[in-house]
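Model the following, please.
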Amino acid sequence: MTCKRYLALLNEYVECTLPQEVQDDIRAHMETCPRCRVFYRTYSLTISLSRRAESTCCISDDQVDRLRTLLVSRLCKK
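All right, here's what the predicted structure looks like:
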């Protein structure tokens, strides 16, 4: 699995909607790719913290998209 493919499937992985074989491929990729492992931890933490936040402090969908784009661009930089 490539980092690009991993990133494309990450949301579905976090939501547990992927077939078991694909989930296994993602886990195997994270074992060998420290950048994707860090990205997963950051992404998961962001989701967890966002769910705990009060609705008055939530950010817009546009801001979430911009944050995700920034994180992906930083992860993919070599």
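
Poorly predicted segments of the protein, please.
The chain contains residues with pLDDT under 70 at 53-58, 76-78.

Which elements pack onto the longest helix belonging to it?
Secondary structure of the chain per DSSP state H: the longest helix is helix 34-52. Packing contacts for helix 34-52, counted by 3 or more C-beta pairs under 8 Å, 6 or more residues apart in numbering; DSSP states H and E, involve helix 3-14, helix 20-32, helix 61-76. Bear in mind the C-beta positions are built from the backbone N, C-alpha and C, glycine included.

next one: the first one to chain centre, how far?
If you compare the mean C-alpha spot of helix 3-14 with that of the full chain, they lie 7 Å apart, counting by C-alpha atoms, centre = their mean, to the nearest Å.

That one: which residues count as buried?
3, 6-7, 9-10, 13 (16 or more other C-beta atoms under 10 Å).

for the second one, same thing?
Of the residues in helix 20-32, those scored as buried under the neighbour-count criterion (16+ other C-beta under 10 Å) are 25-26, 29-30.

Let me have those in CSV, adding distance to Val72 as columns.
Below are the buried residues of helix 20-32 laid out as CSV (distance: C-beta to C-beta, whole Å):
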residue, distance to Val72
Asp25, 19
Ile26, 16
His29, 15
Met30, 16
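
Closest to Ser60 out of those?
Using C-beta to C-beta, Ile26 comes nearest to Ser60 of the buried residues of helix 20-32, at 28.4 Å.

I figured that closest one hits Tyr6, correct?
Yes - using C-beta atoms under 8 Å, Ile26 is in contact with Tyr6, at 6.1 Å.

Can you pull out the residues in contact with the longest helix of the chain?
Residues from elsewhere that reach helix 34-52 (C-beta atoms under 8 Å, 6 or more residues apart in numbering): 3, 6-7, 10, 14, 29-31, 58-59, 67, 71, 75.
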